[in-house]
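*Asks:* what's the 3D shape of this:
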Amino acid sequence: MEITVSKMKNNCNSSSPRKTEKQDEYHVVHKLPSGDSPYVRAKYVQLVEKDNEAAIVLFWKAINARDRVDSALKDMAVVMKQQDRAEEAIEAIKSFRDLCSKQAQESLDNVLIDLYKKCGKLEEQIELLRQKLRMIYQGEAFNGKATKTARSHGRKFQVTIKKETSRILGNLAWAYMQQTNYAAAEAVYHKAQQIDPDANKACNLCLCFIKQQRYDEAKFVIEEVLQGKLPGSDDPKSRNRAEELLKKLEPHKSVSSASPSLHPSLEDAFVAELDWLINQWTPARSKRLPIFEEIISYRNQLAC
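*Replies:* As a prediction, the model looks like this:
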């Protein structure tokens with residue numbers, strides 16, 4: 001490790017203008033933070049040397065040294081997931097997230113949700129997704145703003161609370177699908193599509209109907225994708241999936257739809273609260289509550 005750090009210093013550290021420019025270029029090319037600290041060394045080992053196990057050790061050192069803890073904890077958890085150490089990553093986040101800033105908590109929750117998926121911890125995943133919905137309903141998400149900046153594949157883009165709510169509902173519905181709680185999944189998918197419809201969630205809703213042997217409804221939903229009526233319908237992956245689902249429906253052309261099954265764990269109160277919130281959806285008028293203007297007075301009534 002000393003050789004690694006020395007190599008990094010030789011490549012990066014200098015006081016001359018020309019070498020300073022090279023140093024800046026070096027960090028940009030490798031997407032490295034500048035400086036020489038435990039966190040910077042961890043990122044060097046992760047991104048340049050591609051040694052995830054050594055990077056995890058250095059991320060631990062960064063956390064213990066209180067060096068960029070927000071980033072160190074999140075990055076370490078992501079690397080642990082890649083190393084099939086998701087259970088360890090979950091425990092690490094739970095143990096050390098109190099050291100992180102308030103602004104980092106939302107991104108840590110997103111990492112936790114991915115880790116719960118990896119471990120098949122559906123109950124924990126569902127609880128955390130519902131907690132994130134609660135924060136949106138109470139005006140506490142996005143640090144009270146109507147949008148936030150997100151990153152994907154190195155690019156920045158703006159996400160609205162409306163789209164985020166629909167995305168979380170889609171993930172929640174899929175988690176219910178994994179539990180074979182199709183009635184709950186169906187209800188939540190419908191709410192997600194009311195807020196911000198797209199082809200991917202429509203395909204999932206179609207699958208949900210197929211699982212319940214409600215083939216006419218499944219065909220109606222999937223035809224909306226194939227006819228290009230929903231955002232994302234022209235995406236090759238969504239279209240291919242829609243065509244595959246339609247093939248699954250072929251043998252059931254002459255079969256009448258079964259009656260919806262009443263799942264005992266479907267929570268009517270939760271669905272009712274989603275209905276109420278959707279009905280309250282109005283343009284942002286308050287920085288404090290960007291979506292649901294007077295939701296704060298109802299927070300104690302929300303059980304979702």
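
*Asks:* nearest residue to Val111 in space, ignoring adjacent ones along the chain?
*Replies:* Ala77 (5.1 Å; Cβ to Cβ, 6 or more residues apart in numbering). To be clear about C-beta, it is placed using only N, CA and C from the backbone, and glycine gets the same treatment.

*Asks:* and the next element down the chain from the helix or strand containing Val221?
*Replies:* Val221 belongs to helix 215-226 when assigned by DSSP states H and E. Where DSSP H and E defines the elements, the next helix or strand beyond helix 215-226 is helix 236-249.

*Asks:* check which residues of that following helix are buried.
*Replies:* Residues 238-239, 241-242, 245-246, 249 are the ones in helix 236-249 that count as buried (16 or more other Cβ atoms under 10 Å).

*Asks:* so for this protein, the centremost residue is which one?
*Replies:* The residue lying closest to the centre of the chain (Cα atoms, centre = their mean) is Asn110, at 4.9 Å.

*Asks:* lowest-confidence helix or strand of this structure?
*Replies:* Every helix and strand of the chain was ranked by mean pLDDT, DSSP states H and E. The lowest is helix 2-12, at a mean of 42.

*Asks:* what is the neighbour count of Glu217?
*Replies:* 17 (other Cβ atoms under 10 Å).

*Asks:* tell me the pLDDT of it.
*Replies:* Predicted confidence (pLDDT) for Glu217: 95.

*Asks:* ok, longest helix in this structure?
*Replies:* Counting residues, the longest helix found in the chain (DSSP state H) is helix 161-178.

*Asks:* can you give me the buried ones in whichever helix or strand comes after it?
*Replies:* Sequence order places helix 182-195 as the next helix or strand after helix 161-178, per DSSP H and E. Burial within helix 182-195, assessed by neighbour count using 16+ other Cβ under 10 Å, is assigned to 182-193, 195.

*Asks:* helix 182-195 packs against which elements?
*Replies:* Contact analysis of helix 182-195 by 3 or more Cβ pairs under 8 Å, 6 or more residues apart in numbering; DSSP states H and E lists helix 161-178, helix 199-211, helix 268-279 as its packing neighbours.

*Asks:* and the longest one, which residues are buried?
*Replies:* I take that to be helix 161-178. For helix 161-178, using 16+ other Cβ under 10 Å, the buried residues are 161-162, 164-177.

*Asks:* what's the answer for the second one, then?
*Replies:* Judged by neighbour count (16+ other Cβ under 10 Å), helix 199-211 contains these buried residues: 199-210.

*Asks:* hmm, back to that, out of the buried residues of helix 236-249, who's nearest Glu87?
*Replies:* Lowest distance from Glu87 to those (Cβ to Cβ) belongs to Arg241, with 31.1 Å.

*Asks:* in this structure the closest one contacts Cys203, no?
*Replies:* Yes. In this structure Arg241 lies within contact range of Cys203 using Cβ atoms under 8 Å: 5.0 Å.

*Asks:* nearest spatial neighbour of Phe209, chain-adjacent residues omitted?
*Replies:* Ala218 (3.6 Å).

*Asks:* and for Ala54?
*Replies:* Closest to Ala54 by Cβ to Cβ, 6+ apart is Val45, at 4.9 Å.

*Asks:* burial measure for that neighbour, as a count.
*Replies:* 24.

*Asks:* and the gap between it and Tyr176?
*Replies:* 40 Å (Cβ to Cβ, to the nearest Å).

*Asks:* and the helices and strands packed on helix 182-195, which one is worst for confidence?
*Replies:* Taking the mean pLDDT of the helices and strands packed on helix 182-195, helix 268-279 comes last: a mean of 66.

*Asks:* hang on, the earlier thing: the residue nearest to Val111: which element?
*Replies:* Counting by DSSP H and E, Ala77 is found in helix 69-82.

*Asks:* got the buried residues for that helix?
*Replies:* Under 16+ other Cβ under 10 Å, the buried positions of helix 69-82 are 69-81.

*Asks:* so who does the nearest residue to Tyr116 once chain neighbours are set aside touch?
*Replies:* Distances taken as Cβ to Cβ, 6+ apart put Gln125 closest to Tyr116, at 3.9 Å, once the chain neighbours are dropped. Taking Cβ atoms under 8 Å, 6 or more residues apart in numbering, we find Gln125 in contact with 113, 116-117, 175.
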